[in-house]
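compute the structure for the input listed below.
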Amino acid sequence: MVLNASTLTPQSLAVMLREGMVASQVTACHNFYPRPETGLSRQAFRRANAWFKEAGLSVAAFFPGDQNCRGPLYKGLPTLEDHRHYSPFAAFVDLLHESVDDLILGDPDMSDQVLEQFIAWDKGVILLHAHPETQDKKLLKTLSTVQTNRPDEARDCVRSYESRMLHLVDTPILPDHHHRPRPTGSITIDNECYGRYQGEIQISKRDLAADEKVNRVGRITSKDLPLLQYISGSTKFQIVWESKRTNI
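Predicted structure coming up:
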């Protein structure tokens, strides 16, 4: 049985349970919200889910697609307003971490790009789409191999285990003399000024200052930025380069 989470109250649920409804056979399903700015807040979502779970119900919620979005507004059909501009995959992973039991695609379709993320996820790898900021094709190819975040997870960045421990990148890495800030999602490689850290590949998880010892070589797309918080210690990830013409 599926009940509308938006209209369900503790009082109505208590009545149904008294009348013999079996909680373990019931799902509280949240609505989707076509109109921007009307999706649920995360706080309200969590409050509702807490008592659904306490009552023994499972929880369902919607995440948006990115192809053939439903009209009349064509702005996606998420349950959480936070997901309005997420990629479908990022919204899906976020809902998993909110302990949602049933995840439903609100829109009719997803792009091949997103489907590839789901396929990689099934193999234990998080695909991260990014825009290159270097013309070095050899380096970009190397950076696009499957890598692993170090098990000793850093607060500020994803650190590629393979980049230094397995010497993934050829040395020397010369300074690029364009010292730029490292906003969240910046893909960087340490240059020879960093001594033994030379060749380490990182992805910033927060805004970091420019550093003459660090070369910025790319940036994760805005739709995939939310995925960085789910790359914990020993999580595998892979960078997929996109055209520069796509907005970051």
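
Lys223 should be in a helix, yeah?
Yes. Counting by DSSP: H, G, I helix; E, B strand; the rest coil, Lys223 falls inside a helix.

tell me how many other residues surround it.
Lys223: 21 surrounding residues under other CB atoms under 10 Å. The C-beta positions use only the backbone N, C-alpha and C, and glycine is treated the same way.

once you drop chain neighbours, what's closest to it?
Spatial nearest neighbour of Lys223, chain neighbours left out: Ser87 (4.0 Å); criterion: CB to CB, 6 or more residues apart in numbering.

and stretch 126-133, what's its mean pLDDT?
Averaged over stretch 126-133, pLDDT sits at 97.

give me the contacts around that stretch.
For stretch 126-133, the external contacting residues (CB atoms under 8 Å, 6 or more residues apart in numbering) are 87, 89, 93, 113, 116-117, 120-121, 140, 185, 187, 203, 216-221, 223-224, 227-228, 230-231, 235-244, 246, 248.

with stretch 155-166 instead?
Stretch 155-166 is contacted from outside by 145, 147-151, 168-169, 189, 197, 199-206, 208, 228, 231, 237, using CB under 8 Å, 6+ apart.

pull the longest helix from this protein.
helix 42-54 (DSSP state H).

show me what that helix is packed against.
Packing partners of helix 42-54 (3 or more CB pairs under 8 Å, 6 or more residues apart in numbering; DSSP states H and E): strand 27-29, strand 58-63.

CA atoms only for the longest one - export them in CSV, please.
It refers to strand 58-63. Presented in CSV, the C-alpha positions along strand 58-63 are these (Å, rounded to 0.1, in the frame of the first residue of the first chain):
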residue,chain,number,x,y,z
SER,A,58,9.1,2.6,4.2
VAL,A,59,9.7,5.9,2.4
ALA,A,60,9.7,6.8,-1.4
ALA,A,61,10.8,10.0,-3.1
PHE,A,62,11.4,11.4,-6.6
PHE,A,63,14.5,12.6,-8.3
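
what segments of this structure are helices?
10-18, 42-54, 88-97, 112-122, 137-143, 161-165.

what's in contact with the fourth one?
When you say that, I think you mean helix 112-122. Here helix 112-122 makes contact (CB under 8 Å, 6+ apart) with 66, 87-89, 92-93, 126-127, 129, 238, 240.

pull out the buried positions in the helix or strand bottoming out on mean pLDDT in the chain.
Within the chain, no helix or strand scores below helix 161-165, which has a mean of 88 by mean pLDDT, DSSP states H and E. For helix 161-165, a neighbour-count test (16 or more other CB atoms under 10 Å) marks 161-164 as buried.

turn the residues you listed into TSV, columns for distance to Gly106.
Putting the buried residues of helix 161-165 into TSV (distance: CB to CB, whole Å) gives the following:
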residue	distance to Gly106
Tyr161	37
Glu162	37
Ser163	38
Arg164	42
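
buried among the contacts of stretch 155-166? Need that as a selection in PyMOL.
Per 16+ other CB under 10 Å, the buried members of these correspond to this PyMOL selection:
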select buried, resi 147+148+149+150+168+169+189+197+199+200+201+202+203+204+205+208+228+231+237
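
show me the contacts of stretch 155-166 that map onto strands.
Those of the contacts of stretch 155-166 mapping onto strands are 147-148, 189, 201-204, 237, per DSSP state E.
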